[in-house]
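Participant: Let's see this in three dimensions:
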Amino acid sequence: TRYCGKVRAVARGARKPSSKLVGHLEPITRVDLAMAKGKELDYVTQAQVVDGFQSLKSGLEGVSQGLYMAELINGFAVEGVANPALYSLMLETLECLPSSNAGLVLRYFELHLLKSSGFMPELYSCVECRSYLSPNEHRFSPGVGGTLCSSCTPAGVPLRNLSMPALKVLRFLDGTTLGGAIDLKVEPILHEELNRLLAVTISYWLDREI
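Facilitator: Presented below is the predicted three-dimensional model:
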């Protein structure tokens with residue numbers, strides 16, 4: 001939710017064909033809910049679909065993208081703690097999918113998900129010596145907080161190579177809008193590098209693979 005963070009609730013009888021909640025509580029659906037307080041969990045009493053994102057759900061690829069985003073949000077959102085930026089990011093990204101450049105849209109979503117949740121990797125200064133990172137080949141590790149210059153090698157930390165083009169694209173995604181991400185074109189090999197770097201960062205903070 002926009003102002004209450006992640007909310008857990010029970011929708012009693014929602015699977016019954018005669019229930020007034022049928023069709024209103026599907027995955028990847030934006031809804032208005034009325035809920036009653038319970039001792040342990042709230043109870044959904046009314047639901048009305050605001051946006052069903054039907055174009056996204058019209059194909060398997062779109063459904064998988066939406067469910068992937070939902071799983072990330074479920075992992076990073078905190079129960080009862082408002083995070084309007086995270087809510088807006090989810091909504092804006094869902095509205096942009098499906099897209100011919102869905103890969104970059106999802107990379108934008110992943111990076112700004114980390115940013116909105118307080119886990120943004122450092123992309124501008126070396127996390128070890130704090131020197132500014134000039135355009136060059138560097139190393140990257142979510143365990144130390146992001147990017148390392150070529151001179152710093154902390155012990156006992158798995159390091160990944162970070163190419164200069166990948167660093168530039170990550171910085172661009174950090175500073176641009178979702179529209180800018182949609183318009184950006186990158187080579188498949190570069191996109192795969194971005195995908196791996198963000199995936200390992202997300203897995204590190206969630207302590208599991210998505």
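
Participant: Tell me how far the residue nearest to Trp205 when sequence neighbours are not counted lies from Tyr43.
Facilitator: Excluding the flanking residues, the one nearest Trp205 by Cβ to Cβ, 6 or more residues apart in numbering is Phe119, at 5.0 Å. Every residue, glycine included, has its C-beta placed from N, CA and C. Using Cβ to Cβ, to the nearest Å, we find Phe119 at a distance of 33 Å from Tyr43.

Participant: who's more crowded, the two?
Facilitator: Comparing Phe119 with Tyr43 by other Cβ atoms under 10 Å, the one with more neighbours is Phe119, at 17 against 13.

Participant: Excluding residues flanking it in the chain, which one is nearest Pro135?
Facilitator: Met164 (5.3 Å).

Participant: meant to ask about Leu111
Facilitator: Leaving aside its sequence neighbours, Leu111 sits nearest to Leu173 (Cβ to Cβ, 6+ apart; 5.2 Å).

Participant: so what does the helix ranked longest in the chain touch, helix or strand wise?
Facilitator: Using DSSP state H to define each element, the chain has its longest helix at helix 188-206. Contacting helix 188-206 under the criterion 3 or more Cβ pairs under 8 Å, 6 or more residues apart in numbering; DSSP states H and E are the following elements: helix 60-76, helix 102-117, strand 160-162, helix 164-175.

Participant: Would you tell me which of these gets closest to Ala85?
Facilitator: Nearest of the helices and strands packed on helix 188-206 to Ala85, taken as Cβ to Cβ: helix 102-117 at 4.4 Å.

Participant: What's the first helix or strand after that closest one?
Facilitator: Per DSSP states H and E, helix 102-117 leads on to strand 138-141 as the next helix or strand towards the C-terminus.

Participant: now whichever helix or strand comes after that next one, how far from the chain's geometric center?
Facilitator: Using DSSP H and E, the next helix or strand after strand 138-141 towards the C-terminus is strand 146-148. Centre-to-centre, strand 146-148 and its host chain are 20 Å apart (Cα atoms, centre = their mean, to the nearest Å).
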